[in-house]
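Visitor: need coordinates for the below:
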Amino acid sequence: SYFIDGHLSSTLDIIRTIRDPEKPNTLEELEVVTESCVEVQEIGEDEYLVIIRFTPTVPHCSLATLIGLCLRIKLQRCLPFRHKLEIYISEGTHSTEEDINKQINDKERVAAAMENPNLREIVEQCVTEPD
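Guide: Next comes the predicted model:
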């Protein structure tokens, strides 16, 4: 539907500019996120489920949890519609994907991570739009 398409493109616009924690590139430039990694489903009246499946640059990427956190924080702040958010690592692209998927979809763990000043600073640098 029109809404789903609009929500898909707005979701992609939000995440494409997130920067990699270690490189000067965006997640889109590194193909960590692509158009096909975003799924939007209607789950209620004016409420949508947004599923992101991202692909870490290497299978043992130590930053995968951090990237997941950046995706979550940026989308929570910027998505212009009511949503539930699920973020996963693309199947088979990371050695500890199950653990990471649990972490980045656990509200308490996300909140705890964002209370860590060092981590929060890195997330802010990654999600802030370039001037």
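Visitor: now name the helix or strand holding residue 125.
Guide: Using DSSP states H and E, residue 125 maps to helix 117-127.
Visitor: just list what that helix packs against, helices and strands only.
Guide: helix 64-78, helix 107-115 (3 or more C-beta pairs under 8 Å, 6 or more residues apart in numbering; DSSP states H and E). Every residue, glycine included, has its C-beta placed from N, CA and C.
Visitor: any regions of the chain where pLDDT drops low?
Guide: The chain contains residues with pLDDT under 70 at 130-131.
Visitor: report the central residue of it.
Guide: For the chain, the residue nearest the mean C-alpha position is residue 71 (2.3 Å; C-alpha atoms, centre = their mean).
Visitor: show the contacting residues for it.
Guide: In this structure, residue 71 makes contact with 15, 18, 27, 33, 52, 54, 87, 104, judged by C-beta atoms under 8 Å, 6 or more residues apart in numbering.
Visitor: my guess is residue 88 contacts residue 55, does it?
Guide: No: if you go by C-beta atoms under 8 Å, residue 88 and residue 55 don't touch, sitting 10.4 Å apart.
Visitor: these two: who's more crowded?
Guide: Taking other C-beta atoms under 10 Å, residue 88 and residue 55 do not tie; residue 55 has more neighbours (21 against 17).
Visitor: phi, psi of that one?
Guide: phi -120, psi 110 (degrees, to the nearest 10).
Visitor: for it, give its distance to residue 48.
Guide: 23 Å (C-beta to C-beta, to the nearest Å).
Visitor: what's the answer for residue 7, then?
Guide: From residue 7 to residue 48 the distance is 6 Å (C-beta to C-beta).
Visitor: between the two, what contacts are shared?
Guide: 40, 81.
Visitor: count of residues packed around the closest residue to residue 25 other than its chain neighbours?
Guide: Leaving aside its chain neighbours, residue 25 sits nearest to residue 19 (7.0 Å; criterion: C-beta to C-beta, 6 or more residues apart in numbering). By other C-beta under 10 Å, 20 other residues sit near residue 19.
Visitor: thank you, goodbye.
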